[in-house]
Structure formats: structure tokens, C-alpha cells
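> pasting the sequence and the predicted model now:
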Amino acid sequence: MKNGNTPLVSVIVPVYNVEKYLPRCLDALVGQTYGNLEILTVDDGSTDGSRAICESYAAEDRRVKVIHKANGGVSSARNAGLDAATGDYIGFVDSDDFVEPDMFAYLVGLAEETGADVTQCGFFDCYAEKTLLPRQPEYYELADKVTALGRLLEAKVTTMHIFNKLLRRSKCGAVRFPALSIAEDALYLAEAVAAADTMLITNRPKYHYYHRPGSLTTKPFDDSALDCLRAWDQVYALAAALDPALEEPARMRLSWTRFGMLDKMYTSPGGWSEALEEEIIAFLRGQKQVILGRNYLTMGRRLAYVALLADKRLYRRIVRWFYSRNRVVNQ
């Protein structure tokens, strides 16, 4: 609810065994220049000191609330936060990340100024040894839902991450996260944007996204990786139904996802079926027009694709060479 003319923002923080990072995250939230916050920390069955940290912040700041639940994964934790949220706007911050002091002031200001139902800022990619500064020039666009979803699918000026978005609860509050372990935020965001009227897209960085070794995004292939395919197949169906113009970029994301799945297979010690491998390769080989006829993917990826068309063993050698040089998997 609004405090005078100041909208209330519900910030949902899923927490699971992150005692090393959690104080930094919560310090950044309670120190926001935007004061009308409801900070919902969702303890998803932590077994370390995370629960006590949440309770200590709640004791010091009435805006911090703690929800305790049995472990159910990040989607379950975020949904528990959504069920408890009372704000005019909803934001999400991962407990191993942190935000700039003015991030929510910035996002709320954009939403109130433009009437956008979803607003977005940019983010810094942070690693243990360095933080990467954004390279793109500053971008600003107020887009209708079809244009916005197209921008998200193309991933040139925005991404399918949920952590740098602010959502108007009256428009998007009914959307919930699917029971998936990977790419759950992509499907949630696609449904939220489809429920909205407009999205304000900027890339001014206000969020620090920490790539933690051992996190889901850096793990090698296992059966949970199949959730990525399930999520993006549903995003494709939603986008194609929303507007025919979105079918091609959504199909590109299907290809992109399957490239990622194949790469995980070829850089992992095993754990996948040959039938799944062949199914993915057959799909990719059927996407020549989208992959080679457009500039959605990098030149390097398209050259690797040409190798896949010739012989999967050649593609596998290229992928293993690339990842050995860049140490992307199993950091």
C-alpha cells in the first residue's frame, strides 16, 4: 500500500544456505535511498546460519520480514514471497547478490513517470576475481508487451533474468513461478510481461549479479538440466500464441537452449542418453534458416553450427576446445 504518495515495494529474497553472502545483500536493501520497502526474506529450509541472520535483521528493521518454510527450491521460495507480498510493486533480489543504494528509487521512478507495468535496469556481472563493466551504450525504451517480449527473446538490450525487474502487482501479481529448477525465471517473466501492458527497458546498471562457483548456472549436465528445455518450450508456446511476429525469435531461443544443452553434455563426464543427444542435434539441424539466415547468434556459434551440420564429432571437439580455454563449465 502507498505511504502517502510513495508506493510500497515488496522485495522478495529467497534464502538457502548463503550465510557468507546474505549480510551484504540485506545491508544493501535496508540501506536503500527508497525507504517504503517490505523486505520478504524467505528461509527455504536453510541448515547454516542464514535463518539466524534473517531473524537478526528483522529484529533491527521492521521492514524486514522472515518467512520460514521447508526446503522446496527457489521457485517455491519466491512463490511464498509472492503470496505474502502486499506492495504496489514487486522486486526480486537473490541472496548472494546485492544492489546499488538507489536501485529501487530508480525503478519506481521510471514506473511512476511512464506508467510502465514492468521496469528494468541493467546489471554488473560479478565474479570472485573481477566485476565486468557493461559495454553497451545506454538504452531506454518504453515498449508494448509484444515488443517487450521480442526484446527479451532477442537478448540484445535485455535478458530473461528476473532480478533486475520491478513488476506492478495489480497487473502481474497473479503470475507464479513454475516448479522447475532451471530457467524458471524466464517462464515467469514471459508470463508477467504477457500480463502487462508496457515495459520500460533501460540498461543503466544498478544490480550486482554474482556468478558463484557451484551455482546452478555453472553446474555440468544432469537430469535437472532438462528443466531448461521444458521452460523454453513453454515460453515458445506463449510467445507464438501472443503474436505471430514472436514465433521466429522464440524459435531462436529454442535453438539457443539446445546449443547450451549440447555444450553441457560435451563438456561433462556423462549422464545423458544418446537418444536425447540425437533428438537435440536433429532439432538444431532443422533450424538452418533461423540460425544461419539471421544474426541472432554470434559468428563463432554459427561457424560451430556449420561444423555440427557436417559431423557432430567435429562440433564436440570445437566445444571442448573452447570451454577448456575459457573454463566456463565447472568454474
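All right, it came through fine.

> just checking, residue 61 touches residue 31?
No: taking contacts as Cβ atoms under 8 Å, residue 61 lies outside contact range of residue 31: 10.1 Å. In this view, the C-beta of every residue, glycine as well, is placed from N, C-alpha and C.

> overlap in contacts, the two.
Here residue 61 and residue 31 share no contacting residue, scored by Cβ atoms under 8 Å, 6 or more residues apart in numbering.

> ok, those two, which is more surrounded?
residue 61 (14 against 10; other Cβ atoms under 10 Å).

> and that one, backbone torsions?
phi -140, psi 120 (degrees, to the nearest 10).

> ok, now which ones touch it?
Per Cβ under 8 Å, 6+ apart, neighbours of residue 61: 30, 39.

> and it, how far from residue 54?
According to Cβ to Cβ, to the nearest Å, residue 61 and residue 54 sit 11 Å apart.

> likewise residue 174?
27 Å.

> do the same with residue 270
39 Å.

> those two: which is more packed in?
residue 54 (25 against 7).

> which SS class is that one?
Under DSSP: H, G, I helix; E, B strand; the rest coil, residue 54 falls in the helix class.

> my guess is it meets residue 39, correct?
No: using Cβ under 8 Å, residue 54 makes no contact with residue 39, being 9.7 Å away.

> list residues touching both of those two?
Shared contacts of residue 54 and residue 39, counting by Cβ under 8 Å, 6+ apart, come down to 26, 64.

> what about residue 40, which SS state?
Per three-state DSSP, residue 40 ends up strand.

> now residue 322, what's its secondary structure?
Of the three states, residue 322 takes helix under three-state DSSP.

> given the helix or strand of the chain with the lowest mean pLDDT, what are its sheet partners and their directions?
Least confident helix or strand of the chain, by mean pLDDT, DSSP states H and E, is strand 131-132 with a mean of 74. Using DSSP bridges, the strands paired with strand 131-132 in its sheet are strand 118-126 (antiparallel).

> and the contacts of the strand it pairs with?
By Cβ under 8 Å, 6+ apart, strand 118-126 touches 97, 103, 106-108, 110-111, 131-134, 148, 158, 161, 163-168, 172, 192-193, 196, 198-211.

> out of these, which end up buried?
For these, a burial check counting by 16 or more other Cβ atoms under 10 Å picks out 97, 103, 106-108, 110-111, 148, 158, 161, 163-168, 172, 192-193, 196, 198-210.

> filter these down to the ones in strands?
Among those, the members falling in strands (DSSP state E) are 165-168, 198-210.

> next up, the contacts around residue 97.
Contacts of residue 97 (Cβ under 8 Å, 6+ apart): 21, 25, 126, 163, 207, 208, 209, 210.

> in this structure the fifth one contacts residue 99, no?
Yes: in this structure residue 207 lies within contact range of residue 99 using Cβ under 8 Å: 5.3 Å.

> what residues do those two have in common as contacts?
Joint contacts of residue 207 and residue 99 (Cβ under 8 Å, 6+ apart) are residue 93.

> quick one: low-confidence residue ranges for the stretch 51-200 of the chain.
129 (pLDDT under 70).

> contact partners of the biggest helix by length in the chain?
Identified as the longest helix of the chain according to DSSP state H is helix 247-266. By Cβ under 8 Å, 6+ apart, the residues outside helix 247-266 that reach it are 150, 153-155, 183, 220-221, 225, 228-229, 232-233, 235-236, 239-240, 272, 277, 280-281, 283-284, 287, 290-291, 294, 296-297, 301, 305, 315-316, 319-320, 323, 329.

> next, residue 116: phi, psi?
phi -60, psi 140.

> what's the neighbour count on it?
Neighbourhood size, residue 116 [other Cβ under 10 Å]: 24.

> can you give me the distance of the closest residue to it other than its chain neighbours to residue 242?
Leaving aside its chain neighbours, residue 116 sits nearest to residue 200 (3.8 Å; criterion: Cβ to Cβ, 6 or more residues apart in numbering). Distance, residue 200 to residue 242, using Cβ to Cβ: 19 Å.

> next, the buried residues of stretch 42-54.
42, 43, 44, 45, 46, 50, 51, 53, 54.

> ok, now stretch 236-254?
Per 16+ other Cβ under 10 Å, stretch 236-254 contains these buried residues: 236, 238-239, 242-243, 246, 248-254.
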